[in-house]
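Student: just coords:
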């Protein structure tokens, strides 16, 4: 066996080779840095592009920042959106900047729609740049029929930088997609169809309760109508079915309404539970607390309109809402004035706003991505809530009618027995006389 060491054919890297390798990596670094936030458009791709995981962001904090400042930022100051962690932004005027590169590899210009699906934030401004020089950038306005979307025209065989300013309570967690115009139009039609069905169901239940309120003059029907009205107002604020007809409402006012209207919904829900369970006669302490909770909800809404920080007014409201919800569920278990089936339906109806609140808080903190599909789910919860309350009232009315019929039968039977007893006494009296 030959144990003599053999020479290796590998040559050690010289200083010149190492320097050449470093120069190549240095030249390729900008390409790799831009490649991580680039979307490539091809003829074969027809699905929507989800930009959330491909964008880079810049958080200016509480400072007012314009595009001139953002355009001069270095690449190191931009961070990947994957590094965003769940947090809560209490200011509805908070803004963050995002950027992404769109590379059109086709031979034809592409008409694309940039969609912000997050109902808690809005596209404040958007810039299309051929380079990061301000002179090579132009602004684009949002569509007239939908202030959450922007139409982009990308030239053939070009790469353009898109810089987006997102403002609102949920600006740190946008849900932005890029779709071709044809696909977008089909989705909008389907969304309007779903919205029309949801709105029709809530409107029908509200009108039915209004007719019953006019006929019976019972306060619980008026409270039900008030609850249905504010649920419709929520749809009026968020759904694209109505957004196309409300161009006069700007994004900032729409964001304010998206917070104020749910406050009135909680107040009207508390009033309905008070009237349905008759807490004024059965539980005076809970009745007093629900009255205070209704007044507190209205005060919170006024304070938000006056510009008081949400960091001050939201925590006590959340605590009060948890206590009020607990009291409502307690009434469902202890109330004796209605059947158990009615109270079970009432409890299911109360749980629907609670589920909507959990989804809203999850979207606001970035735990789940805020999209319009979640808004449809919450509006389905509103329909279930209205249906459960309507069935509870109908069941309660039938139970009351059965009780009244039973009491009427017992009264008729008592009258018959009384008449028979009187005839017997009269007959005995006659016999004794004769």
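Tutor: Perfect, thanks for sending it. Because the structure is predicted, anything quoted here is derived from the model rather than measured.
Student: how about the helices of the stretch 1-150 of the chain, start to end?
Tutor: Using DSSP state H, counting those that start in this stretch, the helices of the stretch 1-150 of the chain run over residues 15-35, 67-71.
Student: residue ranges with poor pLDDT in the stretch 1-150 of the chain?
Tutor: In the predicted model, the stretch 1-150 of the chain carries pLDDT under 70 at residues 1-36, 43-46, 62, 85-93, 118-122, 131-135, 140-148.
Student: Give the buried residues for stretch 65-81.
Tutor: 65, 67, 70-71, 78, 81 (16 or more other C-beta atoms under 10 Å). No exception for glycine: its C-beta is placed from N, CA and C like everyone else's.
Student: what's the closest of those residues to residue 177?
Tutor: residue 81 (13.6 Å; C-beta to C-beta).
Student: May I ask you to confirm that the closest one is in contact with residue 99?
Tutor: No: contact criterion C-beta atoms under 8 Å: residue 81 and residue 99 do not qualify, at 10.3 Å.
Student: so what sits against both of those two?
Tutor: 55-57 (C-beta atoms under 8 Å, 6 or more residues apart in numbering).
Student: now the stretch 201-350 of the chain, which segments are flagged as low pLDDT?
Tutor: In the stretch 201-350 of the chain (pLDDT under 70), the answer is 238-255, 310.
Student: What residues does residue 53 make contact with?
Tutor: 81-82.
Student: Got phi/psi on it?
Tutor: phi -90, psi 0 (degrees, to the nearest 10).
Student: separation between it and residue 165?
Tutor: 20 Å (C-beta to C-beta, to the nearest Å).
Student: Same question for residue 59.
Tutor: The value you get for residue 59 to residue 165, if C-beta to C-beta is used, is 12 Å.
Student: Give the residues shared as contacts by these two.
Tutor: Shared contacts of residue 59 and residue 165, counting by C-beta under 8 Å, 6+ apart, come down to 96-97.
Student: Can you pick out the residue with more neighbours from those two?
Tutor: Higher neighbour count among residue 59 and residue 165: residue 165, with 21 against 15, using other C-beta atoms under 10 Å.
Student: can you tell me the helix or strand for that one?
Tutor: If you go by DSSP states H and E, residue 165 is part of strand 158-168.
Student: for stretch 149-165, which positions count as buried?
Tutor: Within stretch 149-165, judged by 16+ other C-beta under 10 Å, the buried ones are 149-150, 152, 154, 159-165.
Student: Greatest separation within these: which pair is it?
Tutor: Longest span within the buried residues of stretch 149-165, C-beta to C-beta: 149 and 159, 22.3 Å.
Student: surely residue 330 meets residue 286?
Tutor: Yes: the pair residue 330 / residue 286 is scored as a contact, 7.3 Å apart, by C-beta under 8 Å.
Student: Between the two, which has more neighbouring residues?
Tutor: More crowded of residue 330 and residue 286, by other C-beta under 10 Å: residue 286, with 20 against 12.
Student: That one looks like it's in a strand, true?
Tutor: No: secondary structure of residue 286 (DSSP: H, G, I helix; E, B strand; the rest coil): helix, not part of a strand.
Student: tell me the contacts of it?
Tutor: So residue 286 contacts 279, 327, 330-331 (C-beta under 8 Å, 6+ apart).
Student: same deal with residue 194?
Tutor: Taking C-beta under 8 Å, 6+ apart, one finds residue 376 in contact with residue 194.
Student: from now on call the first residue 79
Tutor: Yes, from this point I'll number from 79; that puts the last item at residue 272.
Student: so where does it fall, helix or strand?
Tutor: helix 259-294.
Student: which element follows that helix toward the C-terminus?
Tutor: helix 297-316.
Student: can you list contacts of that following helix?
Tutor: 197, 273, 276-277, 280-281, 283-284, 287-288, 290-291, 319-320, 324, 332, 335-336, 339-340, 342-343, 346-347, 349-350, 352-354, 453, 457, 460, 463-464, 467-468, 471.
Student: count of residues packed around residue 280?
Tutor: If we define neighbours as other C-beta under 10 Å, then residue 280 has 22 of them.
Student: Now do it against residue 427, distance only.
Tutor: 13 Å.
Student: got any residues that touch both of those two?
Tutor: residue 464.
Student: ok, residue 119 touching residue 233?
Tutor: No: the criterion here is C-beta under 8 Å, and residue 119 misses it with residue 233 at 11.0 Å.
Student: Find residues that contact each of those two.
Tutor: residue 182.
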